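[1] no sequence on this one, just coordinates:
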DNA sequence: GAGTGGTCTAGACCACTTT
DNA sequence: AAGTGGTCTAGACCACTCC
């Protein structure tokens, strides 16, 4: 029993989802059907489906079935956009300005990103909430993984939904490193602040379902009217 | 089947742990024994134990058994102390200064803390890493839940381990709200900074295994040499 | 009523740890 | 060798959704 049966069932389904064979929203076979198809018992298929639900890749509902998780702008924001009003409510940010450029990767980008890309796409954005610019973010992705993206401006508000729909790249996790700094000049200008005003500096590495580092993102955030919410356990 | 059997098994065990009947490190009955004791099958007892492991309350190891999770200063820091060196390594902070006072709760403290306490204990600490003060934190807990704590100074480095060992209060989750601010005068002084230097302001609500808000904590952190690490999913 | 996931049982065998 | 958790099976019944 080197690798458990349910593990291979999970891998099979993950592969089908990552390849686009099972697009967002598709209904999966029932526990019984899946077990029959893959030659395992219903209980083993069930265990695999439950782990997939836990990881967020599928959603299950009694009486309805199992479905590939649909990532909407709302759910994506809820998971990966952490700025909230002090009472905890989330207000979707508006896109103010966007610049997309292709350039060669820096050494650290080449070292960090999946596939050591020669070229990357840099997406610079300013987003605002309630008419107030709050975030200045710079995202960097491998050019080869996202062909033609530079010609598709303006890009949708939530990039991760777009990555999934247009490129079958499913972001499932993001590791962030936060710090407080004085606003750099460019960000200060974009956010309407004096240079040196305390802002939150966030460096993110976004990882997809195949554990590939797909995006590096740095954002400078105003936190005078909003808070960055996080839960530890 | 209003409440599933495994749910009542879970609740039974949680109660035994929270009451101190099963202290940290104790071995639990095996799946078979537990099932026999509570009148359920081995599979149902197993499901309960697996959920308890997932929630972090117990740890299981093949061939050894199931044990109430031992919270050491190391594991507690790993979970709830997020400041790391840029390469991700964690260095335990030293306790520089500590002040413990009893006072009446403010209105917001009374509203937020479990049991609307009349009196609270305030623990003010300065902690340093590598000889450099990095954190100025103020923790507030209900006085009635922690009798005699004011007379036990100096308190151990990791408060949550102490809460559990001395009072059977098991912190399992902490919700934090972060922001960047200019260092307030008192914190600037404690951290050896000029007032107004950008620092990270963290407001925490710590919740125990019975979902009670047990502690409010505000900390001011230097993030020039360290980063605050967090993972989103 | 048919089909789905959710719960529960009983039993088997394997892998691992400890004595 | 004994005892533990880990995997897997087969079958049953319940609760829910949808037609």
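    Nice, thanks for sending it over. These numbers were taken from a predicted model, which means no experiment stands behind them.

[2] Thought residue A:37 was touching residue A:12, still the case?
    No: counting by CB atoms under 8 Å, residue A:12 does not reach residue A:37; the two are 9.4 Å apart. Heads up, the C-betas are built off the backbone N, CA and C, glycines and all.

[3] middle-most residue in chain A, spatially?
    Chain A has residue A:171 as the residue nearest its centroid, 3.9 Å off, counting by CA atoms, centre = their mean.

[4] Can you classify the closest residue to that residue other than its chain neighbours as helix, strand or coil?
    Leaving aside its sequence neighbours, residue A:171 sits nearest to residue A:160 (CB to CB, 6 or more residues apart in numbering or on different chains; 4.4 Å). Put simply, residue A:160 is helix when judged by DSSP: H, G, I helix; E, B strand; the rest coil.

[5] who are the neighbours in contact with residue A:160?
    Residue A:160 sits next to A:71, A:76, A:80, A:171, A:206 when contact means CB atoms under 8 Å, 6 or more residues apart in numbering or on different chains.

[6] again with residue A:30
    When contacts are counted by CB under 8 Å, 6+ apart, residue A:30 touches A:65-66.

[7] mind checking how far it is from residue A:36?
    From residue A:30 across to residue A:36, the span is 10 Å (CB to CB, to the nearest Å).

[8] do the same with residue A:144
    Distance, residue A:144 to residue A:36, using CB to CB: 39 Å.

[9] Quick one: name the residues of chain A near DNA strand C.
    A:1, A:28, A:30-33, A:43, A:46, A:49-50, A:60-66 (CB under 7 Å from any atom of the strand).

[10] now do 10 Å
    Within reach of DNA strand C by CB under 10 Å from any atom of the strand, chain A has these residues: A:1-2, A:4, A:27-35, A:41-43, A:45-47, A:49-50, A:53, A:58-67.

[11] Which of these fall in strands?
    Of these, the ones assigned to strands by DSSP state E are A:58-61, A:65-67.

[12] Which one (most neighbours) among those residues?
    The residue in those with the most neighbours, by other CB atoms under 10 Å in any protein chain shown, is residue A:58 (24 neighbours).

[13] Count the residues that sit near the residue nearest to that one when sequence neighbours are not counted.
    What sits nearest to residue A:58 in space, not counting adjacent residues and going by CB to CB, 6+ apart, is residue A:52, at 4.7 Å. A count of nearby residues for residue A:52, using other CB under 10 Å, gives 22.

[14] May I see the ChimeraX selection of the buried members of the residues of chain A next to DNA strand C?
    The buried subset of the residues of chain A next to DNA strand C, as determined by 16 or more other CB atoms under 10 Å in any protein chain shown, is captured in ChimeraX by this line:
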select /A:28,29,31,34,35,45,46,47,49,58,66,67
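
[15] Spit out the contact partners of residue A:214.
    The contact partners of residue A:214, by CB under 8 Å, 6+ apart, come to A:113-114, A:141-142, A:145, A:163, A:169, A:171, A:206-208.

[16] again, only this time at 7 Å
    Residue A:214 makes contact with A:114, A:141, A:145, A:169, A:171, A:206-208 under the criterion CB atoms under 7 Å, 6 or more residues apart in numbering or on different chains.

[17] Closest to residue A:119 out of the contacts of residue A:160?
    Checking the contacts of residue A:160 against residue A:119 by CB to CB gives residue A:206 as the nearest, at 18.4 Å.

[18] Assign that closest one to helix, strand or coil.
    Secondary structure, three-state DSSP: residue A:206 is strand.

[19] Look up how far residue A:218 lies from it.
    Distance check for residue A:206 against residue A:218: by CB to CB, it reads 12 Å.

[20] And those two? Which one has more around it.
    Under the criterion of other CB under 10 Å, the comparison of residue A:206 against residue A:218 puts residue A:206 first, with 24 against 15.
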